[in-house]
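Engineer: sharing a sequence plus its predicted fold:
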Amino acid sequence: DLVDYEKLPPVRHGAVPWCMKQYERLFDTTRVPGKDGDKIEHFEVDLERYIAVSRRGVWYKLPLLVSDGGKMRSLQLPEIEKQLERIIKDADANPAPETENAIASLTGCKRNWWAEVREKEFDRGLNRDSLQLVERAAFHLHL
């Protein structure tokens, strides 16, 4: 909420405040690989806001907003902690197969190669939908 409502105080270098315009890009932003260079994509905050959580090669969508008596509210820290504990328990009991566990490592490869693989293997179906789910998250948390 501090970032969304511009309530976060500016970072200072001595007495000089730094430009805080980039705070809005801290969340809901992804870097998409391209053959000629990457591009930054920023997604508007909406009522579907969530965190992409990964553990043992399994990805989870953890909503940040819940309906409470007809109104939307942010999850409180104890609620998030409880959900993260469930994710840990589930992923430990059901880890991803080795072939799926290495998918996130593609982002560490040479960018033009990753762009080609992304275009070829993640342009349709479940692969595309899964990648979009990760890229459109407010942020990623690896446990």
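Structural biologist: Thanks, I have it. Residues are numbered from 1 along each chain as shown.
Engineer: alpha carbons only for contacts and neighbour counts from here, please
Structural biologist: Will do.
Engineer: pull the number of nearby residues for His142.
Structural biologist: In terms of burial, His142 registers 11 neighbours under the definition other Cα atoms under 10 Å.
Engineer: could you list everything it pairs with in the sheet?
Structural biologist: Applying DSSP bridges to His142 gives these bridge partners: Ser54.
Engineer: for it, give its distance to Glu85.
Structural biologist: Going from His142 to Glu85 by Cα to Cα, to the nearest Å gives 13 Å.
Engineer: for this structure, what spans make up the helices?
Structural biologist: Assigned by DSSP state H, the helices in the chain fall at 77-93, 98-101, 111-121, 125-135.
Engineer: quick one: list the elements packing against the longest one.
Structural biologist: Same thing as helix 77-93. strand 50-55, strand 58-63 (3 or more Cα pairs under 8 Å, 6 or more residues apart in numbering; DSSP states H and E).
Engineer: between helix 77-93 and the first one, find me the angle.
Structural biologist: Compare the direction of strand 50-55 with that of helix 77-93 by axes from the mean of the first three to the mean of the last three Cα atoms, to 10 degrees and you get 40 degrees.
Engineer: and for the last one?
Structural biologist: Compare the direction of strand 58-63 with that of helix 77-93 by the same axes, to 10 degrees and you get 160 degrees.
Engineer: and the angle for strand 58-63 with helix 125-135?
Structural biologist: 60 degrees.
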